[in-house]
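Participant: Fold the following for me, if possible:
(chains A and B)
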Amino acid sequence: MELKPDPRTLKPQLSRRSLLAGLAAVPVLAATAACGDDSSGSDGKTELSFFWWGAQARADLTDKALALYTSRHPEVTFKKTWQANQGYFDKLATLTAGGNAPDIFQIDDNYIAEYSGRGVTLDLTPYKDDNKLDMTKFPESLWKYGEVDGKLAGAAFGENTQGLVWSQTLLDKAKLPAPKTGMSWDDFISWAAEVSKATKVPGTQDPSAIYQALWVYLRQNGADLYSDNKLAFDESHIGSWFSLWKGARDKGACPTPDVIHEGNATDISKQLVVTGKAGTSWVWVNQMPELKKNTKDTLGVMAYPGDPSAQWARASMYFSVFKGSPHKDLAVDVLNFLCNDPEAGKILGTDRGLPSNLDVRKLVADTVTDPNMKQTIQVQNDLGTKFGPTSPTVPPKGHSKVKTELVRIAEEVTYGRQSPQQGATAFVTAAKAAIGQS
Amino acid sequence: MTTASTPVRPAPPVPAEAARGRGGRRRRDNLSGYLFLSPWLLGLLGITAIPMLISLYLSFTDYSPLISLGEANWVGLDNYRRMFTADPSYWHAVRVTVIFAVVATPLKLAAALGVALLLNRTLRGISLFRGLFYLPSLLGGSVAVAIVWRSMFNREGAFNSFLGWFGIHGTPWVNDPFWALPTLMLLAIWQFGAPMVIFLAGLKQVPGELYEAASVDGAGAWRQFRHITLPMLSPVIFFNLVLETIHGFQGFTAAFVLSGGTGGPVDSTLMYTLDLYIKGFTQLDMGYASAMAWVFLVVVGLITAVLFSTGRFWVHYSDAEER
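Facilitator: This next block holds a predicted model:
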C-alpha cells in the first residue's frame, strides 16, 4: 500500500484507492489465515470429534459418559455432534467426502459393510488382539457381527433383537387377551383382526415393508435374507409373505394403506402404536423406552410371531474409528472405556441396546432404576434363551438399498398397484441389482 | 447521452509520455477492479465452476463419497448407459418431473397473472394486498412451509376438516399415491408471488393511451386484454415462463420434506433432483448422481433454448417496432 504524506499534518495517509484495494484483499487474506487449524492444540490437549444419531435422552446419557472420561483424562475433550436418525448417514457421507469424518462415529449394519469396504473405518483387529480394545467379555456372535471381510470395522455397541410392541391399554379397554411369543403368524393375524373389530383401532401395523420382520419370516421358512453376500431367498418366499399380509389387510387386521405408509415413513417417536393408529408396531426391543416416552399407554413387548428361535442377538449399532483420524489410539481407548468401564456402562444403561460386555450387562441389570430399561433387559434376556444356534452375518454392501426397495415394492402391493406375485418378482430383481448380484 | 449541465469537452492531445503513464494506471485500475471482484470471482470459481468440472469428471467414474477423488475408477460412459437403459427409477423420476413442470408451471403463471391483474389498480391499501399475496414466495423454499403443508393435507389435516364441513370425506392427500404429486403442485402454484410482482411491474409499463384508444373504438375488457395487455406483456410473460420452467424442473425441497426424503408414497413424488440426491448421498453412488446432474443440466438448457426459439413467434417487443 502506498502511503502519501498529508501536506497539512505530514502524517502518512492512505490514498483512497490503495485503501480500497487493500480492503478488497482482506477476505482473501482472512481465508488463507483460516487454513492450517490444528485440532490438538499446543497445550497438550486433544479434542476428539464424536458423532451419533439418537434423541435427546441418548444425548444426555452420552454427554455424561464422555464427561466421565474427560474427568479421568483431563487432557482429552470431545467435540460432540448428534442428530436424528433421518439424514444421519447423508451427513456422515458428506463429512467423509470432505475428509472431515469424525474420529469416532456411530454406525449400523445398513452401512458398516459399505464404510469398511471403502476403507473408511479403522480395522480394530490389532487393538482387540492386544486387549487395548477388550472384547473378551463380549458374546462371540456379537463382536463377530462387526467383522466385514476379515476386518473388524466396528465395536458392537449394544445388543438387541426384534420386538413386537403392543398397547396393553387398548386391549384392556376391550378386555382382549395379549398376544404371546410363539403364536403362529395366522393366529396373530386373527388376533389382530379381532382387536380391530372390538376396538375400532386397526389391530396391527402391516409389516410387509419392514425388513427385519421379513427376515425373521424367511429364517422360519428355511431361508435367510443373505448368505455369502448373496440373496438367500427366492420369489416364492416373498410372494407368500406379501400374500400373507394381503390376507391380513382383507380381514381388516391392518390400517389403510396411507396409514401403513405413514408408519413406514416415520421415525421411532411416531410409530403407530404410539400415535394410537394401530395396536402394534414392529421395532427392536431396545427402542421400548423411547416408545414409552411418547405415549401414556401401557405397552407390552414380545418376539415377532412364529418360532422365536429364528430371531438372533443383533448388534444394534457400532462405534467405529475413522481410519484417517490423527488420534486413532486415543479414540480406541475411548471406545474401550465406553464398552467396558462399569461406571460408563451404568450411565449409558440399555439406551443403545443391552451392553455388549456381559459383566457390565449384569451390573446394569442389577442396578438399573429406569423401569422401561428394566423391562427391556428382562424381555431380551427371556428371548435370549430361545435364540437358535446360528445368527446371520453382517449384511452386504447395498443392504440399505434393499431396505428401500422393500418399502417401495411392499407399498405398491398395499396400495393395490401390484399383486403379491408381481411384487415378489419385482423385489427379487431389485434386491439383486442393489447388492450387485448377477 | 448528454445533459445540459455537463458539456462534452474535446479531449486534449495526449503526449506520448503521459499516455504510457495512463496505461500503467489502467493496469492498476484493472488490478483493483479484480480485487473488488475477487469475492464473487472466488465464489464463482471455487463454489460453482471448479466443482462443476469435477462433477463432469466424476460422472465418468464410480466415485463414492467415502473414497478420495484419486481412488475413483474410470468407467467411461457406463453411468450414462445405465441411466438410459438399466435404471427404471430414472425414467420414473423423469416422468414425475415432466408432469410436475408441465402442469404446475402454466398454472402458477396463470395464477400470478390473474392476481397481478386484480392488484393492478389504485385502491386504498392495495400495497397491503400485494404484500400479502407475495408473502408465500418469501417463505418460498422453506422447510417449515412444506412441513405445514404435510400436516394440512394429511388424513386428519386442516384441509380435510374443512371439507368435512361440507360433508365431503377427503382422502389423505399427501399419503395417497395419486394425490401426493398434485398436492406438491398446489404448493408450488401457491408460491406465485415472484412472477406476480414481475407481472405487476410489466402491467404498469403498458401505456394507458392504448386502452383509451381501444375503448373509444368500442373494445370490451376481454378484447383489450387479448389485444393490448397480452401482446404488450409478452416479453414479461416470456421471462417468467423461462424462469418458472427451470424452477419447476428443479423442485426439490418440498418433495424432499413432504415425502420424508424418500419420494414416496410408492415413488409418486420422486422428482429428478430428489432421485439424484438419493442416489448420491443415500446410496453413495456419487459418480452416477453426477452423470444424472449433467444430463439434467443439458436437458434443461435445451428446453430453455427451445423456449427462446419459439419466442420469435409470440413475444412482442414494442420498442423494436418503434425503431
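Participant: how about the residues of chain B near chain A?
Facilitator: Those residues of chain B that sit near chain A, judged by CB under 8 Å from any CB of the partner chain, are B:28, B:31-32, B:35-36, B:38-39, B:42, B:64-68, B:155, B:171-172, B:175-177, B:259-262, B:264-267, B:281-284, B:286. (C-beta placed from N, C-alpha, C; glycine too.)
Participant: what residues does the helix or strand hosting A:Ala57 touch?
Facilitator: In the assignment (DSSP states H and E), A:Ala57 maps to helix A:56-72. Residues external to helix A:56-72 that are found in contact with it (CB atoms under 8 Å, 6 or more residues apart in numbering or on different chains): A:50, A:52, A:54, A:76-78, A:80, A:82, A:289-290, A:293, A:334, A:337-338, A:341, A:343-344, A:347-349, A:351-352.
Participant: Likewise for stretch B:77-97?
Facilitator: B:59-60, B:62, B:181, B:249, B:251, B:263, B:267-275, B:287-288, B:290-292, B:295.
Participant: Now which of those would you call buried?
Facilitator: Among the contacts of stretch B:77-97, those classed as buried by 16 or more other CB atoms under 10 Å in any protein chain shown are B:59-60, B:62, B:181, B:249, B:251, B:263, B:267-275, B:287-288, B:290-292, B:295.
Participant: Next step: those residues restricted to helices.
Facilitator: Among those, the members falling in helices are B:Leu181, B:Phe249, B:Tyr272, B:Thr273, B:Leu274, B:Asp275, B:Gly287, B:Tyr288, B:Ser290, B:Ala291, B:Met292, B:Val295 (criterion: DSSP state H).
Participant: List the contacts of the first one.
Facilitator: Residues in contact with B:Leu181, defined by CB under 8 Å, 6+ apart, are B:Val96, B:Ile99, B:Phe100, B:Ser268, B:Thr269.
Participant: Likewise for the third one?
Facilitator: The contact partners of B:Tyr272, taken as CB under 8 Å, 6+ apart, are B:Ala93, B:Val94, B:Val96, B:Thr97, B:Phe249, B:Met292, B:Phe296.
Participant: which stretches of the stretch 51-200 of chain B form strands?
Facilitator: Assigned by DSSP state E, counting those that start in this stretch, the stretch 51-200 of chain B shows no strands.
Participant: Which residue ranges of it form helices?
Facilitator: B:78-85, B:88-119, B:126-139, B:143-152, B:158-165, B:180-190, B:193-205 (DSSP state H, counting those that start in this stretch).
Participant: Report the inter-axis angle for the first one versus helix B:88-119.
Facilitator: With axes from the mean of the first three to the mean of the last three CA atoms, to 10 degrees as the basis, helix B:78-85 and helix B:88-119 are set at 70 degrees to each other.
Participant: Please apply the same query to the fifth one.
Facilitator: Taking the same axes, to 10 degrees, helix B:158-165 and helix B:88-119 form an angle of 70 degrees between their directions.
Participant: Kindly export helix B:158-165 (C-alpha atoms) in CSV.
Facilitator: What follows is helix B:158-165, C-alpha atoms only, in CSV (Å, rounded to 0.1, in the frame of the first residue of the first chain):
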residue,chain,number,x,y,z
ALA,B,158,-56.9,-29.0,8.3
PHE,B,159,-58.0,-29.3,4.7
ASN,B,160,-60.0,-32.5,5.3
SER,B,161,-61.6,-30.9,8.4
PHE,B,162,-62.6,-28.0,6.0
LEU,B,163,-64.0,-30.5,3.5
GLY,B,164,-65.8,-32.2,6.4
TRP,B,165,-68.0,-29.1,7.0
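Participant: got the buried residues for it?
Facilitator: B:Phe159, B:Asn160.
Participant: The first one too?
Facilitator: Buried residues in helix B:78-85, defined by neighbour count with 16+ other CB under 10 Å: B:Asp78, B:Asn79, B:Tyr80, B:Met83.
Participant: How about the second one?
Facilitator: Buried residues in helix B:88-119, counted by 16+ other CB under 10 Å: B:89-90, B:92-94, B:96-97, B:100-101, B:103-105, B:108-109, B:111-113, B:115-117, B:119.
Participant: quick check: domain ranges of the chain?
Facilitator: Picking chain A for this. Per automatic domain parsing, the structural domains of chain A span A:16-158+A:315-377, A:162-311+A:398-435.
Participant: actually chain B
Facilitator: Domain assignment for chain B, taken from automatic domain parsing, gives B:17-58, B:78-322.
Participant: Check what pLDDT B:Gly24 gets.
Facilitator: With respect to pLDDT, B:Gly24 scores 68.
Participant: Does the residue in the stretch 201-350 of chain A positioned nearest to chain B fall in a helix, a strand, or a coil region?
Facilitator: Minimum separation of the stretch 201-350 of chain A from chain B (CB to the nearest CB) falls at A:Asp258, amounting to 3.6 Å. Using DSSP: H, G, I helix; E, B strand; the rest coil, the structure places A:Asp258 in helix.
Participant: ok, how many other residues are close to B:Thr304?
Facilitator: Per other CB atoms under 10 Å in any protein chain shown, the neighbour tally for B:Thr304 reads 15.
Participant: That one sits in which helix or strand?
Facilitator: Assigned by DSSP H and E, B:Thr304 falls within helix B:286-314.
Participant: how close does the residue of the stretch 101-250 of chain A found nearest chain B get to A:Ala97?
Facilitator: Residue nearest to chain B within the stretch 101-250 of chain A (CB to the nearest CB): A:Arg118, separated by 3.8 Å. Applying CB to CB, to the nearest Å, the value for A:Arg118 to A:Ala97 is 11 Å.
Participant: Which one's more surrounded, these two?
Facilitator: The neighbour comparison of A:Arg118 against A:Ala97 (other CB under 10 Å) goes to A:Ala97, with 20 against 17.
Participant: got the contact list for that one?
Facilitator: With contacts defined as CB under 8 Å, 6+ apart, A:Ala97 is in contact with B:Pro65, B:Leu66, B:Met286.
Participant: quick one: average confidence on the helix or strand harbouring B:Tyr277?
Facilitator: Here B:Tyr277 sits within helix B:272-277, counting by DSSP H and E. In this model, helix B:272-277 has a mean pLDDT of 95.
Participant: returning to what we had before: report the angle between the axes of the following helix or strand past the helix holding A:Ala57 and helix A:56-72?
Facilitator: Going down the chain from helix A:56-72, the next helix or strand is strand A:76-83, by DSSP H and E. Orientation of strand A:76-83 against helix A:56-72 (the same axes, to 10 degrees) gives an angle of 170 degrees.
Participant: For strand A:76-83, enumerate the helices and strands it packs against.
Facilitator: Secondary-structure packing of strand A:76-83 (3 or more CB pairs under 8 Å, 6 or more residues apart in numbering or on different chains; DSSP states H and E): strand A:46-53, helix A:56-72.
Participant: Please identify the most buried of these.
Facilitator: Counting by mean count of other CB atoms under 10 Å in any protein chain shown, strand A:46-53 has the highest mean neighbour count of these, with a mean of 20.
Participant: What parts of the stretch 151-300 of chain A come near chain B?
Facilitator: Residues of the stretch 151-300 of chain A lying near chain B by CB under 8 Å from any CB: A:Thr256, A:Pro257, A:Asp258, A:Val259, A:His261, A:Glu262, A:Ala265, A:Thr266.
Participant: Format the residues you listed as CSV; extra columns: distance to B:His227 and neighbour count.
Facilitator: CSV is the format used below for these (distance: CB to CB, whole Å; neighbours: other CB atoms under 10 Å in any protein chain shown):
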residue, distance to B:His227, neighbour count
A:Thr256, 53, 18
A:Pro257, 52, 22
A:Asp258, 49, 23
A:Val259, 54, 20
A:His261, 51, 29
A:Glu262, 52, 24
A:Ala265, 52, 19
A:Thr266, 55, 16
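Participant: Point out the least confident one among the residues you listed.
Facilitator: Among those, A:Thr266 carries the lowest pLDDT, at 85.
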